[in-house]
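okay, here's the prediction I keep looking at, along with the sequence it came from:
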Amino acid sequence: MANIIEVKNLTKKFKHFTAVDDITFEVAKGEIFAFLGPNGAGKTTTIKMLTTLLNPSSGDLKIDGHSSINDQDGARHSFGIVFQDPSLDDELTAYENMYFHSVLYKIPKSERKSRIEHMLKFVELWDRKKELVKRFSGGMKRRLEIARGLLHHPKVMFLDEPTLGLDPQTTNHIWTYIKDLNKKEGITVFFTTHYMAEAEKVADKIAIIDHGKIVIIGTVEELKTKTKTNSLEEAFLALTGKKLRDEEVSSEQIMRQRRGVWHR
Amino acid sequence: MSTIYILWLRQIKRYLRSKSRLVGSLAQPLLFLVALGFGFGPVYQQAGEGSYVQFLVPGIISMTILFTAMFSGIEIIWDRQFGFLKETMVAPVSRLNIMIGRTLGGATVAIMQGLIVLILASLFGFHPVSWSMLPLAILAMLLIALFFTGLGTAIASLLQDMQGFQLIMNFLIMPIFFLSGALFPLKSLPLVLNTIIKFNPLAYGVDALRDSLINQSYFGLSLDFTVMAISAMIILGIGTYLFNKIQI
Ligand SMILES: Nc1ncnc2c1ncn2[C@@H]1O[C@H](COP(=O)(O)OP(=O)(O)O)[C@@H](O)[C@H]1O
Ligand SMILES: [Mg+2]
């Protein structure tokens, strides 16, 4: 099977701090790949580099054969993403946010309306489609972002902690849909999560990253065998230690805190 | 094309929805118009220069466009902080088209504000020499708007948050406004001031607007439009380059 994501010796330094430290891995076409690690391990930074938002300090990375550094446009044609941090326009309605996306991703005009309706119904926001997003609760915004991310069907789907803050029913509902897409359309899924049970249930392959370095890559079974444990959760703790990680305050988190203060 | 259109439309929708911004950005020009126009009017008249309100209105329209356009450009910082910028930056569309859409959206909003001020001013007694020159006036407004949306975008691409904004207002925008001839005639100024003003693109915008609205010009219309068009192109080029380089 061909590799749709190829990462070689990827490193990202923020001043003197190395967030991603010389990592190398591949993701096969059609795979559901879980990228796990404690807070601040470097997961989001890796996804940002893969999705052309951030330039690496060194190393190479390709999506569907397109370099995320030299052929950003080619790479951008190959993936879709649900970000960890908010990315909606609060001043637009739910429908307008979806429509904006459908135009940017060149969904044929004849299909736009029906697809948007389908996805908004799927996350149960169709009744609220005309409301400004700024009036939505956190969970509703999250559902809208997922609906938007799934509006077009790219070759690779990045999901950065997609289900954070969602109830189990919604999480289950969404994963059923994603797995179905994966099966029917062969879409590769690259996701991060803090819920080990979620990863254990859906992932074909798992990579664990800690302090910017990849600790292990393999199937759930392989990870359990190597660590001589009985669940992914135990394997994870065995590999990354039980020491608590401070939630490091990233610049985006500071921004989010400021959001509350700002009224426009 | 559709990318440009949807980005343009987004700017327009946000503008029309933000009533406070709409009202707020009209209050300042009106205050200037009333306070300065009627305050300095008698002195100006005594000096044999005619009606100060007539003279002032093109300057006030330029001011409105300057601030609105700068703000539209600077809005990228908000988009970055609210996270929406990521959505546009990963989309499979050219950054040039994103830039064009945003800039045209910002420019359209600025021109609308400029036209509202023009209409309000005519309620206060302003009358253009001929309304048939209005298309030319709108072209002047467009060039001012394009230049300052581009400048705002360029600056916003370099800033991480709004902290530097106050600095830019005080040390860039205010001088550009006050040293543009928006408030006073350029003839018989001290040489130093006159020289500084000649390097200010807004001075040519104000002059073009004044020429098309009240038929008074210092530089001449063709020089005005040439300088404005070239500087707008240069700054939009720089803006696009810096916008391309944004890291999130
Ligand atoms: N723009 C930035 N500047 C400086 N440090 C950053 C920046 N973005 C992320 N970091 C740091 O890099 C590390 C990895 O962050 P991140 O990739 O977000 O972790 P994860 O997603 O695995 O929780 C963290 O220590 C974080 O504080
Ligand atoms: Mg993260």
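Arrived safely. Since the structure is predicted, the reported quantities are computational estimates derived from the model, not experimental observations. Ligands and ions are numbered 1, 2, ... in the order given.

okay, helices next: where are they in chain B?
Counting by DSSP state H, chain B has helices at residues B:2-17, B:19-46, B:52-82, B:84-89, B:95-123, B:134-158, B:165-168, B:174-178, B:191-198, B:201-214, B:221-244.

same check, this time on the stretch 51-200 of chain A
Per DSSP state H, counting those that start in this stretch, the stretch 51-200 of chain A carries helices over the ranges A:72-76, A:94-104, A:109-122, A:138-149, A:168-185, A:196-202.

quick revisit: packed most tightly, which of the helices of chain B would that be?
Mean neighbour count (mean count of other Cβ atoms under 10 Å in any protein chain shown) peaks for helix B:201-214 among the helices of chain B, with a mean of 26. Just so you know, the C-beta spots here come from the backbone N, C-alpha and C atoms, and that holds for glycine as well.

contacting residues for residue B:53?
If you count contacts by Cβ atoms under 8 Å, 6 or more residues apart in numbering or on different chains, residue B:53 has them with B:33, B:37, B:38, B:41, B:121, B:124, B:125, B:126.

from those, which two are the most distant?
B:41 and B:121 (13.6 Å; Cβ to Cβ).

from the centroid of the chain, which residue is nearest?
I went with chain A, as the question did not name one. By Cα atoms, centre = their mean, the mean C-alpha position of chain A lies nearest to residue A:159, the distance being 1.9 Å.

right idea, wrong chain: chain B
The residue lying closest to the centre of chain B (Cα atoms, centre = their mean) is residue B:66, at 2.4 Å.

quick one: the helix or strand bottoming out on mean pLDDT in chain B to chain centroid distance?
The helix or strand of chain B with the poorest confidence is helix B:165-168; it has a mean of 84 (mean pLDDT, DSSP states H and E). Helix B:165-168 sits 17 Å away from the centroid of its parent chain (Cα atoms, centre = their mean, to the nearest Å).

which other residues reach it?
With Cβ under 8 Å, 6+ apart as the test, helix B:165-168 has contacts from B:74, B:77, B:155, B:159.

ok, the second one - contacts?
To tie it back to what came earlier, the one meant is residue B:77. By Cβ under 8 Å, 6+ apart, the neighbours of residue B:77 are B:156, B:159, B:160, B:161, B:162, B:165.

and for residue A:178?
Each residue near residue A:178 by Cβ under 8 Å, 6+ apart is listed here: A:150, A:157, A:159, A:189, A:202.

quick one, grab the pLDDT at the third one.
When you say that, I think you mean residue A:159. On pLDDT, residue A:159 comes in at 97.

bridged to it, which residues?
residue A:82, residue A:191 (DSSP bridges).

my guess is it contacts residue A:192. True?
Yes. Counting by Cβ atoms under 8 Å, residue A:159 touches residue A:192, with 7.4 Å between them.

get me the contact residues on chain B for chain A.
B:2-3, B:5-6, B:10, B:13-14, B:17-18, B:20-21, B:79-84, B:86-94, B:160-161, B:247-248 (Cβ under 8 Å from any Cβ of the partner chain).

list, out of those, those positioned next to ligand 1.
Near ligand 1, judged by Cβ under 6 Å from any ligand atom, there are no entries from these.

skip the chain neighbours and tell me the closest residue to residue A:43.
Nearest residue to residue A:43 in three dimensions, chain neighbours excluded: residue A:192, at 4.5 Å (Cβ to Cβ, 6 or more residues apart in numbering or on different chains).
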